[in-house]
Each structure stands twice: as structure tokens, then as C-alpha cells.
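> After the sequence you'll find the predicted model.
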Amino acid sequence: MTQKFAAIILAAGKGTRMKSALPKVLHEIAGRPMLGHAMAAAAEAGASEVLLVTAPDQDAVRDYADAQGIKTTHAIQKEQLGTGDAVRAAFDASGKHDRFVVMFGDTPLMRPELLLGLAESSADVTVLGFEPEDAAAYGRVALQGDTPTAIIEFKDADEATRAITLCNGGAMGLSRTALEKYLPQLSNDNAQGEYYLPDFVALAHGGGDSTALVMANAEDTIGVDSRAGQAKAEALMQNRLRQKFLEAGVGMQDPDSVFLSFDTEIATDVMLEPHVKINVGVSIGQGTTIKAFTHLEGVSIGQDAQIGPYARLRPGTKVGDEAKIGNFVETKKADIGKGAKVSHLSYIGDAELGMDVNIGAGTITCNYDGYNKHLTKIGDGAFIGSNSSLIAPVTIGKGAYLGSSSAVSKDVPDDALVVIRAPEREIKGWGKKFRAKNEKKDS
Ligand code: UD1
Ligand code: MG
């Protein structure tokens, strides 16, 4: 049985190195704010509650957290006096939990399995250790056998301690007993004048309470402090997502050029060609091919469909099974029926297309009058000639034909043919006369 635990997420840091007006933890990785990743990982690990530590001026962060559908209690840390002080703020705001897992709001690659390991550990203080290629300025974990005895912050460490390769990943599992006993004993008598969460290790070890170690990979604990760090975390997350889909039977000719979102859903036997960008809210059905240079966002695509190359499908687009969206086509809020074809150079917005509709090249739904958006409806099997303008609101009946270049604003009945075009004039020999006149002038 998994122990119930509360996740303490620390997010009160200023994040000044991001050089952004947006609070750091609201910056996105794979289409989701870093805090969203942290909260989802906590929920997936089975946390019964999130205790979120924020600074007084971070209303935007609190509002975001409240919208996640995860039970969240807010703790305000008035001054950023260190990670230990932040945990104190959370503990003061917490109810009756026996086990706590502390994690950071700016480590978006943290895996739920690791948090579960910290939650389920029977020790009073459980450290998340890792061995980075470059130990840099991470806190160093001192061991006796397999048991952590202390974490020493880089700035407080002597040369011998700095030579330790086992580093503190930041997250930590704590028993209620450890928090009650050692929070009052934390001191800020150190190089940074901060209350350190890592000091729990030496306090517990010295106080006769148990400590333990859970190991993470270096990428799991990556913290984002700068735009460069954000780009690095994004790259790692993209690799994780690509790997997940490759293992699930999704084909990619050049995985490194495919970009996915945290919530992307793709069935088996989907092929993603190079340079496909999938933003949030996309699902793709079995057997569909997304051809090169296609951009998708907020779109659900059925089975055995063909999309692209160079297609842009915007939010609210639904593509039916076996439908085809070709090159340089943009869609928005469009319900495209089974087997329908929009093959070339079209804009289809605020539209409902029935089954097997054929949209000729260059067709435009004129959906916007500067104030409101209007609907275009096209019945099953209708054929829209190339270069037509559908001036919404307008309905084209089932099986109807619209002649090429028509600008239609009145409804077309089922099975009718409507052609709206200026009458054609033919003037025999005009070109020859025209050239003769102009060539005489030149000489
Ligand atoms: C921390 C650890 C270090 C570890 C490293 C791993 C401490 C003292 N050091 O250092 O051992 O190797 O993580 O990345 O814990 N925060 C608050 N309030 C505060 C201070 C920090 O909420 O008063 C939050 C920050 O927003 C951030 C997290 O705590 O999300 C970590 O703080 P940060 O200053 O980045 O700690 P590190 O220097 O990375
Ligand atoms: Mg950090």
C-alpha cells in the first residue's frame, strides 16, 4: 500500500535570471508550465495534496495552480530565506499528513517514480541523489556506507568535500517526526545566510533518526534558472516524448525534427514525417500520416488520414477518417467529414464539411466580417470548384456543385449546380492587333 503523502512544491524563488515578466515556474516545457509538470508528477505519484510555496506577489502562480484540478494549499513565504524556510512555511500551512515529499517547481523532468520512492522510503529523511557529469555547484552528499550523513552546500564545502561526486538532486522525503523535530533547529549560520533544507540530513543523522538515499538520473533533477536552461530542459523533454511514441509504435523518419507536447496522443502506425510541430491538444488516429512541415494545435485527427506537407491545422479542427488535407491549407474550427479532401491552398475556418466533400484549390471560407465569425456548412458529397469564396453564413447542400471561381453568399440546394462568374467575352484577333499597335509606336 502506498503511503499517503503531501507534496511540498517550492516555487517562491524570483527567477531573475530568466529576465522575464512571467514568473519562472509558469514558463513552459513541451507546452505546459514547469509548475504544471511538477504538480502532475506529484499527483501521478499519489500525493493527496500539494502544498505550494510562493512569494507574496505571485498571484499568477497561485491562480495557475488552482486551475489544475489538484488539491492545493497555498503557503506564502514572505521573504526568500532559503529552501528550509520555504518548507517551514509549507509545514505551517499543512494539515495532518505523516509523510512529505519536498520538490521544486522548476524541475520539470522530475519523474513520478522518484517521488514515489521518496514517499515510500521508511527513513525519516530520504535524499534524492544523482551523479552528474559535472558536479558544478550542487550540494554534495556525504555517505557512511549507503547512508547519507550530511549534505554540504557547495559554497560551504572544503576541497575534500567538493571532490565528492554524489550530488543532491534537491527533492527530499521527510517524515512528520523529522519536520516537527528539526525545523526549529535549522540555522542560517552558513555561507549564504540561508535556512537550508539539506541540513535535515545532518540533523536527523545526529539526532538518531534514519536517513536513506534514492538515486535519480542527472536529467531527472535538471533545474531551470535561465533561458538556456529552459532550452536544455525542453530538448530533454522532447527526447523523452519522442522515445515514448517510438516505443508505442509511432513512426518517425527523423525524430529529432519532430516536436511534441506533453498531452499529445498518437495511435499506432501513425507516421510523422520530418519537421512536424505538434502543439497542445492534439490527438492522431491509427494509420494517419502527418507529412513534412506540418503544424498542428488543438486538433483531433481520425484514422488513415493524410495531412500535409505544409499544412497548418489550428484549434477546433476535427478531421474525419480517411480525409485528406494537402499542402498550404489552413483550417480553424473546422469539422471535416470522413473521406473529405481539401488538397491545395485553402482556408477553411468556422466550417462543417460532410463526408466525401471535395474542396478545390484556393477555396476560401470568408468567415469574418470584422466583428463576428460566421459558419459555412457543406453537405455530404458536395464539390466546391477551385478558387471559390464561401461568404458565410452559407450552406452548400448535399451533392451540390459550385462552379470554379464562384463567390457564393446564398445557400445552394442539394444536388444543384451554381456558377457565379462574369460572362465570358471572346474578341477574335485582339492580341495580334494590340501587339501590332504597340510595336509601331516603339519603332
Ligand atoms: C538546491 C540545494 C542543493 C541541490 C540543488 C539541486 C538547497 C539549499 N540547496 O540548490 O543542495 O544540489 O538544489 O538543484 O536546498 N525556493 C523557495 N524559497 C526560498 C529559496 C528557494 O521557494 O527561500 C525555491 C526556488 O524557487 C527553487 C527551489 O526552492 O524552486 C530551489 O532553490 P534554489 O535556490 O534554486 O536552490 P539551488 O541553489 O538549486
Ligand atoms: Mg536551483
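All right, it came through fine. Ligands and ions are numbered 1, 2, ... in the order given.
> just for the chain, where's the confidence low?
For the chain, the stretches with pLDDT under 70 are 1-3, 442-443.
> and the chain, which residues reach ligand 1?
Residues of the chain lying near ligand 1 by CB under 6 Å from any ligand atom: 10-13, 53, 77, 80-83, 85-86, 104-106, 138-139, 151, 153, 167-170, 196-198, 223. For the C-beta atoms, the positions are set from N, CA and C on the backbone; glycine is no exception.
> Please flag which of those sit within helices.
By the criterion of DSSP state H, membership of the residues of the chain next to ligand 1 in helices covers 83, 85-86.
> hey, where'd the helices end up in the stretch 51-200 of the chain?
Ranges of helices within the stretch 51-200 of the chain are 59-66, 83-93, 112-120, 159-162, 176-182, 199-206, based on DSSP state H, counting those that start in this stretch.
> and of those helices, who's closest to Ala231?
Of all the helices of the stretch 51-200 of the chain, helix 59-66 sits nearest to Ala231, with 21.7 Å by CB to CB.
> Packing partners of that closest one?
helix 34-45, strand 47-54, strand 72-76 (3 or more CB pairs under 8 Å, 6 or more residues apart in numbering; DSSP states H and E).
> which one of the ones you listed is the most hemmed in?
Burial of these is given as mean neighbour count (mean count of other CB atoms under 10 Å); strand 47-54 ranks first at a mean of 25.
> Against which helices or strands is it packed?
Counting contacts by 3+ CB pairs under 8 Å, 6+ apart, strand 47-54 packs against strand 5-10, helix 34-45, helix 59-66, strand 72-76, helix 83-93.
> Touching, Ile266 and Gly249? I think so.
No - in this structure, Ile266 is not within contact of Gly249 by CB atoms under 8 Å, at 9.0 Å.
> the more surrounded of these two?
Shown here are Ile266 and Gly249; by other CB atoms under 10 Å, Ile266 has more neighbours (23 against 12).
> Just list the residues touching that one, thanks.
Applying CB atoms under 8 Å, 6 or more residues apart in numbering, we find Ile266 in contact with 245, 248, 250, 272, 283-284.
> In PyMOL, how would I select the buried members of those residues?
PyMOL command restricting the contacts of Ile266 to the buried ones, with burial defined by 16 or more other CB atoms under 10 Å:
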select buried, resi 245+250+272+283+284
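> Keep only those of the contacts of Ile266 that are in strands.
In this view, the contacts of Ile266 that belong to strands under DSSP state E are 272, 283-284.
> Which member of the residues you listed is positioned nearest ligand 1?
Set against ligand 1, the nearest of the ones in strands among the contacts of Ile266 by CB to the nearest ligand atom is Ser283 (32.5 Å).
> Tell me who's in contact with the residue nearest to the closest one when sequence neighbours are not counted.
Nearest residue to Ser283, sequence neighbours excluded (CB to CB, 6 or more residues apart in numbering): Glu265, at 3.9 Å. Counting by CB under 8 Å, 6+ apart, Glu265 touches 282-284.
> cool, and Gly139?
Contacts for Gly139 (CB under 8 Å, 6+ apart) come out as 151-154, 167-168, 198.
> Next one: the closest residue in space to Ala178 that isn't next to it in sequence relative to Ile152, how far apart?
Leaving aside its chain neighbours, Ala178 sits nearest to Asp124 (4.1 Å; criterion: CB to CB, 6+ apart). The gap separating Asp124 from Ile152 is 19 Å, by CB to CB, to the nearest Å.
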